[in-house]
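>>> starting from these lines, generate the structure:
(2 chains)
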Amino acid sequence: MLEQSYFDRADAIIGQHGTEQRFLIPIIQDIQNYYRYLPPELLSYVAKRLGINEAKAYSVATFYENFSFEAKGKYVIRVCDGTACHVRKSTAIINQIYKETGLEKGKHTTEDMLFTLETVSCLGACGLAPVLTVNDVVHPAMTPEKVHELFEELKGAEAK
Amino acid sequence: MDYITIDTKKIPIEGEKNVLSLIRKAGIDLPTFCYHSELSIYGACRMCVVEDDRGRIFASCSEQPRPGMVIYTNTKRIQSYRKLMIELLLASHDRDCTVCHKNGMCELQSLAYRVGVHDVRFPNTKEERPIDMSSASIVLDPNKCILCGDCVRTCDEIQGVGAINFAFRGSKTQVTPAFGKKLSETECVGCGQCAAVCPTSALSLRSNVTVVWDAIEDKNIRVIAQVAPSVRIAVGDHFQIKKGENSFGKLVEALRIMGFDEIYDTNFSADLTVMEESAEFAERLASGENLPLFTSCCPGWVKYCENKYPEFAGNLSTCRSPQGMFSAVLKEYYKEQDEKEGKKTMVVSIMPCTAKKGEILRSDNFTDGRQDTDFVLTTTEIIRMIKQMGIQFDKIQGESADMPFSLASGGGAIFGVTGGVTEAVLRRLSEKKDYQTLRDIAFTGVRGEEGIKEATIEHGGRSVRIAVVNGLANAGKLLDRIKAKEAAYDFVEVMACKRGCIMGGGQPGPAGPRTKQRRMEGIYKVDQDCNIKSSDKNPAIEALYQDFLKGKEHKLLHRNLSGQEAAQTGQKHV
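Residues are numbered from 1 along each chain as shown, chains lettered A, B, ... in the order given. Next up is the predicted model:
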């Protein structure tokens, strides 16, 4: 069960938009922006406030790849595996991240909730391939070495 | 007059909203999975594609007719399109047709045959998903779903429940409750309308046929059947009997051949319901409390009200449904005899309804902790049993049901259609019962298939405001209006299914507009043929009240509500 503060936050966000059904997507986007994921209980809660049945709200939220019902780590790393990045060896980048974080296929977030790894189909920066983003900061022309350096930096920042 | 040309035939446009309606008017049965005239247009199944004179191919269900259009419904291109589409649907479909519940009645199967798909070139790469058996009424088998969305739209648009919807996208799309929950954990009311529109058996009824056969075989069990009003006018559908014809006698004979020990008519207990509900209504009218009174004979509606409008739960009548009343009376009636003969009585009710399977499991329908109705068989299940046994239903003569519980008034008979319960209650409450008075009641506006009907009658020196609703989405609309104080009523009848029980989730399909009309007429015909019109004039009911029921009325005929619920409804005798 979520703490009351989550529902208060949802109420505040609904307050900014209104309770018309068409505001479902902007509202759950804002919730996801705030918590870095969409808590399922809040989706049900928003649906109820907007008079949308739960199954329909779930339908909307699952249609878009962007919404996640699982809590994400502090650093969300998106590795592009689109055509351009793929041919410029994004697979090696992903494997290096697996090595750095102990993640594996099917496991997206580390136990300490520090890192979440997502592969995406295109980040729209094919000229910078292979590319990844950390919390929306772009890291161009990656190599396994540069990935190692990046993680040293992130882990170092955490240790302080 | 404007017209369009369909395969060389000129067809006038007379207000049709889409090309498909015109094609059907031209006498061509164009196949569809996702088109239902009562639902919104979805255009997903692509079965209704046609070609125009410019070689453009489009779905006729979602195309407006324009004067001068020239349409071809069966060109070589269209044929191969349709065939490929079926082949692709079959590719990701569980194709164990021979062991499927819908074998022989499946629209996908018959269409595959019709368009001539004899081979599927693609392997089924779809991951097998578990079957949801959690509901007492409905089974959801995602492996048989073709994503036509009929169930989703019916549940949302017609019933206003919205328990299921599409989730995910692309090849991962599935029809499911939110968050992959089980149906039993949702607001599903068990009405079965999703299964009624499902072209395959992705949604089907929970069957109790095997357990009932087992009980019949057991000589220590007295198996009693009660047959609901709407079963008799639909059971003949699969046996070449005229649509809407009353086959009650044949059904009684068939049940005897199967080995049921006693067969009674639920119309009888519908009379009991009229008596109790009328008394309750008169009481509430006098006290002015808990008005409007909501009828409680439809379990889909009761559950909907409790789920979505709990603040109105106290307005629901405390009466059990005719099924509930009857089973409680039967169990009590045979108690002594059971003890003497060392037998056990089992009540099997034969119903047009899937939600009834859920109703019997509700503790407020128990008597002293005992489940009164043991099993519910829907009309489709009883048809299956008749076929299993090979009874030639169209050839048997028919018999009459057993006494003392089969004599019924016309008031009990009309419970099967929307407005019927109200009409029966009005007959009961009316002091005069002459022909003209009864005619007047019939024409107050309670009859007909509109979603919400309203009427005002004079009773006991005041105007009584009545609303008759069918389809749960309509009920939601009405409750919203009552809540907003835009409307006020004294008596509200709600039937979850459109047109009432005659189109219940357990009735055989497919049933088009003509069948629906015939079924409605069939029910009123049963009433016309009855000598007794008003429930209180039924001598069997009078006798029951004077003797057997004395002092037990509330225990057997009303829901045994918990203290708090009882206080909410103003129920006095517990």
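>>> burial measure for B:E128, as a count.
9 (other Cβ atoms under 10 Å in any protein chain shown). Where C-beta positions appear, they are placed from N, C-alpha and C, glycine not excepted.
>>> and if you look at B:E87?
Counted with other Cβ under 10 Å, B:E87 comes out at 17.
>>> quick one: low-confidence parts of chain A?
For chain A, no stretch is flagged by pLDDT under 70.
>>> if we use 90, what do you get?
Along chain A, the model assigns pLDDT under 90 to residues A:1-2, A:36, A:65-66, A:70-74, A:105-108, A:112, A:119-122, A:129, A:135-136, A:155-160.
>>> just want the most central residue of it.
Centroid check for chain A by Cα atoms, centre = their mean gives A:V76 as the closest residue, at 5.7 Å.
>>> give me the residue from the stretch 151-300 of chain B nearest chain A.
Of the residues in the stretch 151-300 of chain B, the one nearest chain A is B:G162, at a distance of 3.1 Å by Cβ to the nearest Cβ.
>>> quick one, what contacts the residue nearest to the centre of chain A?
A:36, A:116, A:118, A:134-135 (Cβ atoms under 8 Å, 6 or more residues apart in numbering or on different chains).
>>> if I look at B:R232, how far off is B:H101?
Distance from B:R232 to B:H101, counting by Cβ to Cβ, to the nearest Å: 24 Å.
>>> likewise B:S535?
Taking Cβ to Cβ, one finds B:S535 at 38 Å from B:H101.
>>> so for these two, which sits in the more crowded spot?
Neighbours were counted for B:S535 and for B:H101 using other Cβ under 10 Å; B:S535 has more, 27 against 18.
>>> separation between the more buried one and B:G180?
B:S535 is 47 Å from B:G180, by Cβ to Cβ.
>>> sorry, back to before: out of the contacts of A:V76, who's nearest chain B?
Among the contacts of A:V76, and counting by Cβ to the nearest Cβ, the member closest to chain B is A:E118, at 16.8 Å.
>>> number of nearby residues for the residue of chain A found nearest chain B?
Proximity of chain A to chain B (Cβ to the nearest Cβ) peaks at A:N53, 3.1 Å away. By other Cβ under 10 Å, 22 other residues sit near A:N53.
>>> that one - nearest residue in space that isn't next to it in sequence?
Spatial nearest neighbour of A:N53, excluding adjacent residues (Cβ to Cβ, 6 or more residues apart in numbering or on different chains): B:G162 at 3.1 Å.
>>> pretty sure the one you found contacts B:C155?
Yes - if you go by Cβ atoms under 8 Å, B:G162 and B:C155 touch, sitting 5.8 Å apart.
>>> those two: which is more packed in?
B:C155 (29 against 24).
>>> on the three-state scheme, the more buried one is what?
helix (DSSP: H, G, I helix; E, B strand; the rest coil).
>>> what sits against it?
B:C155 neighbours (Cβ under 8 Å, 6+ apart): B:161-164, B:188, B:193-194.
>>> tell me the one among those residues nearest to A:D30.
B:G162 (24.1 Å; Cβ to Cβ).
>>> for that closest one, phi and psi?
The phi/psi pair for B:G162 (degrees, to the nearest 10) reads phi 70, psi 40.
>>> doesn't B:L407 make contact with B:S400?
No - B:S400 lies out of contact with B:L407 (Cβ under 8 Å); the separation is 10.1 Å.
>>> neighbour-wise, which of those two wins?
The neighbour count for B:S400 versus B:L407, taken as other Cβ under 10 Å, is higher for B:L407 (19 against 12).
>>> hang on, the more buried one in a strand?
No - per three-state DSSP, B:L407 lies outside any strand segment and is coil.
>>> if I look at it, how far off is B:D529?
Separation of B:L407 from B:D529 (Cβ to Cβ): 13 Å.
>>> mind listing what the residue of the stretch 301-450 of chain B found nearest chain A touches?
Nearest to chain A, among the residues of the stretch 301-450 of chain B, is B:K308, at 9.6 Å (Cβ to the nearest Cβ). By Cβ under 8 Å, 6+ apart, the residues touching B:K308 are B:160, B:187, B:476, B:479.
>>> kindly report the same for B:F239.
B:383, B:386, B:393-394.
>>> roughly how far does it sit from B:P508?
10 Å.
>>> what of B:D2?
Taking Cβ to Cβ as the measure, B:D2 falls 39 Å from B:P508.
>>> the more surrounded of the two?
Counted by other Cβ under 10 Å, B:D2 and B:P508 do not tie: B:P508 has more neighbours, with 20 against 11.
>>> look up the closest residue to that one, ignoring the ones flanking it.
Using Cβ to Cβ, 6+ apart, the closest residue to B:P508 is B:D237 (4.6 Å).
>>> over to B:S247?
In space, B:S247 is closest to B:G236, 4.1 Å off (Cβ to Cβ, 6+ apart).
>>> tell me the contacts of the one you found?
Neighbours of B:G236 in contact, by Cβ under 8 Å, 6+ apart: B:242, B:245, B:247, B:250, B:393-394.
>>> can you put those residues in a markdown table and add secondary structure?
Shown next, in a markdown table, are the contacts of B:G236 (three-state DSSP):
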| residue | secondary structure |
| --- | --- |
| B:K242 | coil |
| B:E245 | coil |
| B:S247 | coil |
| B:K250 | helix |
| B:F393 | coil |
| B:D394 | coil |
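>>> quick check: residues of the stretch 101-250 of chain B near chain A?
By Cβ under 8 Å from any Cβ of the partner chain, the residues of the stretch 101-250 of chain B that approach chain A are B:156, B:161-169, B:176-179, B:186-187.
>>> how about 7 Å then?
Within reach of chain A by Cβ under 7 Å from any Cβ of the partner chain, the stretch 101-250 of chain B has these residues: B:156, B:162-169, B:177-179.
>>> reformat these as JSON lines; add pLDDT.
Listed next are those as JSON lines, based on pLDDT from 0 to 100:
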{"residue": "B:D156", "pLDDT": "95"}
{"residue": "B:G162", "pLDDT": "95"}
{"residue": "B:A163", "pLDDT": "96"}
{"residue": "B:I164", "pLDDT": "97"}
{"residue": "B:N165", "pLDDT": "96"}
{"residue": "B:F166", "pLDDT": "96"}
{"residue": "B:A167", "pLDDT": "95"}
{"residue": "B:F168", "pLDDT": "94"}
{"residue": "B:R169", "pLDDT": "90"}
{"residue": "B:P177", "pLDDT": "96"}
{"residue": "B:A178", "pLDDT": "95"}
{"residue": "B:F179", "pLDDT": "95"}
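>>> and the residues you listed, which two are furthest apart?
B:A163 and B:R169 (20.3 Å).
>>> of these two, give the one with the bigger neighbour count.
Set side by side, B:A163 and B:R169 show more neighbours around B:A163, with 28 against 12, by other Cβ under 10 Å.
>>> what residues are up against the nearest residue in space to A:S44 that is not next to it in sequence?
Of all residues not flanking A:S44 in the chain, A:E54 sits nearest, at 5.3 Å (Cβ to Cβ, 6+ apart). A:E54 sits next to A:44, A:47, B:178 when contact means Cβ atoms under 7 Å, 6 or more residues apart in numbering or on different chains.
>>> next one: the residue of chain A most remote from its centre from B:I452, what distance?
Most distant from the centre of chain A: A:G51, at 27.3 Å, with distances by Cα atoms, centre = their mean. A:G51 sits 20 Å away from B:I452, taking Cβ to Cβ as the criterion.
>>> for chain B, which residues are neighbours of chain A?
B:156, B:162-169, B:177-179.
>>> can you pick the most crowded of these?
Counting by other Cβ under 10 Å, top hit in the residues of chain B next to chain A: B:I164 with 30 neighbours.
>>> near chain B, which residues of chain A?
Residues of chain A lying near chain B (Cβ under 7 Å from any Cβ): A:40, A:53-56, A:58-59, A:62-63.
>>> just the buried residues from those residues, in ChimeraX please.
Only the buried entries of those go into this ChimeraX selection, using 16 or more other Cβ atoms under 10 Å in any protein chain shown:
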select /A:40,53,54,55,56,58,59,62,63
